[in-house]
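> Below is the sequence, then the predicted model.
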Amino acid sequence: MAKILVVEDESIVAIDIKNRLKRLGYDIPSIAYAGEEAVEKATKICPDLVLMDIMLRGEMDGIEAARLIHERLDVPIVYLTAFSDEDTLQRAKITGPFGYIIKPFEDRELHVALEIAFYRHKMEKNLKESEEHLRAARDNLEIKVLERTAELAAANKDLMEEIAERKKAEEAVHHKMEFENIITALSTNFINLGLEKIDEGINDALKRVGTFSDVDRCYTFQFSDDMTKMDNTHEWCAQGIVPQIDNLKDLSTGDFSWWMDKLRLLKNIYIPRVVEMPPEAEAEKEILQSQSIQSLVVIPMVCEGKLIGYVGFDSVRSEKAWSDEDIKLLKIAGELLTNALRRKRVESEKARLIKELGTKNAEMERFTYTVSHDLRSPLITIQGFLGFLKKDIRKIDDDKSDIDIKMIENAVKKMDALLSNTLELSRIGRVTNPPEAVSYEEIVVDSLAQLAENIRSSGISVLVAKELPQVYVDRMRITQVLVNLIENSIKYIGDQTDPRIEIGYDADKEKPVFYISDNGMGIDPSQHEKVFGLFYKLDKKSEGSGAGLAIVKRILEVHGGVVWIESEEGKGCKICFTLPLAGKI
Amino acid sequence: MVNKLATVLLVEDDETHAILIMRSFEGMGVEKIQWVSDGEQAMDYLQHRGIYADKEKSPHPDVILLDLHLPKLSGHEVLKQIKSLEELRAIPVVILTTSKNEYDMAKAYLNHANSYLVKPLGLDKFQEMVKEIEVYWLEWNQTHTS
């Protein structure tokens, strides 16, 4: 049953209406007699309809009350009015009335007006609801569309990323393949290179690897065998980059301990920002910055487990970052260069050995030749004079027999001297005392002591230079060298009024030179080479077998030194030689 | 046939070998054996220099016996000089050495040595060889002299 709130200030009229409405089958829970009361009751009982008299006593008229109710509740309002002037109707219109009933009215009129109001309100409510429904559906759809769009965008983004990633991976594979092709080509090239072309090959490899990996400079350093020194041996620079190879020679590894510690552990050195190098790498930072290097990668070169050097890749014009993958590729390049350098070492060692073998062979041939010739010579004498001796004995010619015997004796002595010298010479290379660091001055003093008597009787004054270095030699052998040389000077001093021998040292030369000079007879330049030959004698009548200088030469050669003569006939003689030094004086 | 006035120039640095050779020549028709002990003296003699300036006392030899291993100027160098000088090149040069070395032989013949003999062991053989030298080079061999 529909609840109707009746608002009517005339109580009789109100009851009448109530009764009529009841008859029509409506529920009238309450009647309000004033505007304020109407608003209050409506709010309280929530009627299905408010039947509102426009003209109410009191401050609030029906229109105002209807407006307030309308604000609070969604309830249809039907006005009851005795007159219908334009103004009142206009005001009432604003409150959205559902109908007007003009007093006096029939039950039928009331019923129709109320039913219409109910119907209209229901319709409006339905409409509002479906509108809301529709709006909700539309809003929902819009959200759905937005959501779907966002989903699609995200999926699209993922897809793009995936494509980019795949492209990147493909590029990386391509990059790697290209690099491997370069490495393969280079290694094939190296196999076919002769010793003299290996350096060129290494420079070419640095160029190709450097260009490919987009660095500014790329180079190799090699350590000395004892690891105390390092040399920049090969270098490639991009256009406009200053080469450093000539500035980076003979560096002491001890100055770069941070660097060396890493390399000794066979670790790569990767410095993305030289400016951020740690304080303990101050020396390294300084030398890198002096070359304007901003970033670099260094790969150790390891040959049969031994660190032999490293390959470096510099970025000079800008900072550069290398990925693990990049560094892996550089490591492959490092291995290639290591192999090339190893090959160079092996090849040059081979070439050196072949050359040494050739020298030894030639020496051996010369030696055999000399020995066979010189040893035959006294044999001929012995055999010849034995023949004469037989004849002279038969003739009982004692004088001649004595001469024959003397000749034979001399030849035997000569042969003995030749054999012992030959033996000595052959032992120089085989039997060696371990080298020691010894002051050259001591060796000079020893030698002079051995020849003291000889020097004294010859009346020669011997001058020894003051500042003599430490040498690293087989002391006994070098003493023998000096004895032989001083002996020669004494032997060939000639008729000097003021005979002098000078023992000195010249440190100013490119390689320090030791010398023994005299103001004796001198040697004609045509003889300078020959005198070092085995059993060669300038003067056949002089004492000795002629092996002295051959022995000198051999001993110095075993020490890695050389010997030569600076002299002219009649102008004295200067024998010069080099020796390994024990260190700087 | 024997040239009684034959002169031999012996270039030999080993004194005992020189004595051996000279004694082996004893009793043969050789007027003079001139012995010098190095290459320079040999050239001095042949070119009449210094103490050999007198051409009468130091006549051109009929044969030169030349050792290869000599001080100052080697036998090879002496040979080369002799064979390059117009007035000397016709003189027969017999190399008399202890060296059996191929290189020495090749070099000697390349420099126009007339003969290459290796000193034998034993006096009998030595004397036999000297006799043969005397017979061949001083008796049979005819030299064209300018």
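Sure thing, it's come through.

> Quick check: nearest residue in space to residue 39, chain neighbours excluded?
In the absence of a named chain, chain A is used. residue A:68 (4.7 Å; C-beta to C-beta, 6 or more residues apart in numbering or on different chains). Where you see a C-beta, it was placed from the backbone N, CA and C, and this is true even at glycine.

> should've been chain B
Using C-beta to C-beta, 6+ apart and skipping residues adjacent in sequence, the residue nearest residue B:39 is residue B:73, 2.6 Å away.

> Next, that neighbour: secondary structure please.
Judged by DSSP: H, G, I helix; E, B strand; the rest coil, the three-state class of residue B:73 is coil.

> Residue A:21: which element?
helix A:11-23 (DSSP states H and E).

> So for stretch A:238-248, first residue to last residue, what's the gap.
For stretch A:238-248, the first-to-last residue distance is 18 Å (C-alpha to C-alpha, to the nearest Å).

> what sits against the residue of chain B found nearest chain A?
The minimum distance from chain B to chain A, using C-beta to the nearest C-beta, falls at residue B:123 (2.2 Å). Residue B:123 sits next to A:383, A:384, A:385, A:386, A:387, A:388, B:20 when contact means C-beta atoms under 8 Å, 6 or more residues apart in numbering or on different chains.

> Pop out the phi and psi values for the last one.
Residue B:20 adopts backbone torsions of phi -60, psi -50, taken as degrees, to the nearest 10.

> Tell me how many other residues surround residue A:441.
Using other C-beta atoms under 10 Å in any protein chain shown, residue A:441 has 18 other residues around it.

> for residue A:59, same thing?
Residue A:59: 9 neighbours (other C-beta under 10 Å).

> Identify the residues contacting it.
Counting by C-beta under 8 Å, 6+ apart, residue A:59 touches A:35, A:36.

> any weak-confidence spans in chain B?
Flagging of chain B using pLDDT under 70 yields the residue ranges B:1-4, B:145-146.

> and residue 91, what does it touch?
Picking chain A for this. Contacts for residue A:91 (C-beta under 8 Å, 6+ apart) come out as residue A:63.

> other chain: chain B
Residue B:91 neighbours (C-beta under 8 Å, 6+ apart): B:60, B:61, B:62, B:63, B:64, B:82, B:143.

> Restrict those residues to the buried ones and give me that as a ChimeraX selection.
Of these, the buried ones go into a single ChimeraX selection, burial set by 16 or more other C-beta atoms under 10 Å in any protein chain shown:
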select /B:60,61,62,63,64,82
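
> which one of the contacts of residue B:91 sits closest to residue A:119?
residue B:82 (160.7 Å; C-beta to C-beta).

> contact partners of the strand or helix carrying the closest one?
Per DSSP H and E: residue B:82 is located in helix B:75-84. Contact partners of helix B:75-84, identified using C-beta under 8 Å, 6+ apart, comprise B:11, B:39, B:42-43, B:46, B:64, B:66-70, B:73, B:88-89, B:91, B:93, B:95, B:97, B:104, B:107-108, B:111-113.

> tell me which element the residue nearest to residue A:39 is part of?
helix A:62-72.

> what mean pLDDT does the helix or strand following that helix have?
Later in the chain than helix A:62-72, the nearest helix or strand by DSSP H and E is strand A:77-81. Taken as a whole, strand A:77-81 has a mean pLDDT of 86.

> next helix or strand past strand A:77-81?
Going down the chain from strand A:77-81, the next helix or strand is helix A:86-94, by DSSP H and E.

> Show the contacting residues for residue A:499.
Residue A:499 touches A:458, A:459, A:460, A:461, A:493, A:518, A:519, A:520, counting by C-beta under 8 Å, 6+ apart.

> shouldn't the first one be in contact with residue A:490?
The one in question is residue A:458. Yes - in this structure, residue A:458 is within contact of residue A:490 by C-beta atoms under 8 Å, at 5.1 Å.
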